[in-house]
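**Student:** task: produce atomic coordinates for the following.
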Amino acid sequence: VLPAEDLAADPRVDLDLLLSPGDRLGPPGARERIILSTLADAVADLERLLGADRAGWAWGRLHRAEPPHLLGERGAPVGPLPRGGSGDTVGATPYTPDFRQSGGATFRLVVDVGAWDASVAMNSPGQSGVPGSPHHHDLFGGWAADEAFPLLYSREAVERNLGGRITLRPSPEDR
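**Tutor:** As a prediction, the model looks like this:
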């Protein structure tokens with residue numbers, strides 16, 4: 001029944017097994033018995049994880065982004081926030097057995113070379129690695145929601161959206 005190792009993450013293998021099982025799942029009717037019994041087990045697992053009220057079930061209640069800080073508990077925590085997808089979706093958000101996101105893109109960039117100011121980007125958790133900074137995790141919510149911010153290039157667009165300016169000058173000893 002098991003596919004070749006290089007096909008293990010390919011959903012087409014599972015679909016083929018369900019749609020054209022041949023004798024791989026046993027005698028006629030075995031597929032239906034397997035589906036019905038595993039469906040009941042899956043619903044019981046979901047009730048244990050998310051409660052009996054199915055109206056409140058949502059993938060993001062289980063699957064979450066909660067990036068660990070390099071300093072552990074001494075660092076400034078970010079999250080958790082709900083995440084969609086999985087390791088098999090376009091957004092590529094694989095997860096651990098406890099549903100914590102374990103991989104995926106933290107930086108995304110789309111450059112429009114025909115209209116530079118139409119470019120967008122995303123970085124998580126934010127623009128700063130400094131706890132206490134207003135930019136420590138200011139991009140985390142947008143990143144978790146698969147949003148992006150404008151990546152501006154022209155002086156006019158940058159000046160129009162300027163939130164602050166930092167001027168760096170060498171000290172007299174560095175000249």
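
**Student:** going forward, measure contacts and count neighbours with C-alpha atoms only.
**Tutor:** Will do.

**Student:** point out where the protein drops to low pLDDT.
**Tutor:** Along the chain, segments meeting pLDDT under 70 span 1-9, 75, 175.

**Student:** let's go with 50 and repeat that
**Tutor:** Where the chain drops to pLDDT under 50, the residues are 7.

**Student:** mind listing the helices for it?
**Tutor:** Under the criterion DSSP state H, the chain carries helices at the ranges 11-19, 30-50, 59-62, 140-144, 155-160.

**Student:** need the winner for burial among these.
**Tutor:** Most buried of these, by mean neighbour count (mean count of other Cα atoms under 10 Å): helix 140-144, with a mean of 21.

**Student:** quick one: residues contacting the residue lying closest to Gly85 once chain neighbours are set aside.
**Tutor:** With sequence-adjacent residues excluded and distances taken as Cα to Cα, 6 or more residues apart in numbering, Gly85 is closest to Thr93, at 5.7 Å. By Cα atoms under 8 Å, 6 or more residues apart in numbering, the contact set of Thr93 is 83-87, 101-104.

**Student:** then Gly87?
**Tutor:** Neighbouring residues of Gly87 by Cα under 8 Å, 6+ apart: 93-95, 104.

**Student:** which among those end up buried?
**Tutor:** 93-95 (16 or more other Cα atoms under 10 Å).

**Student:** hmm, back to that, could you export the contacts of Gly87 as CSV, including distance to Leu39?
**Tutor:** Shown next, in CSV, are the contacts of Gly87 (distance: Cα to Cα, whole Å):
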residue, distance to Leu39
Thr93, 24
Pro94, 23
Tyr95, 22
Gly104, 29
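
**Student:** quick one: which of those residues is nearest Asp53?
**Tutor:** Nearest to Asp53 out of the contacts of Gly87 is Tyr95 (Cα to Cα; 24.4 Å).

**Student:** which residues are in contact with that closest one?
**Tutor:** Here Tyr95 is in contact with 63, 86-87, 101-103 (criterion: Cα under 8 Å, 6+ apart).

**Student:** quickly list what it is bridged to.
**Tutor:** Beta-bridge pairing for Tyr95 (DSSP bridges): Gln101.
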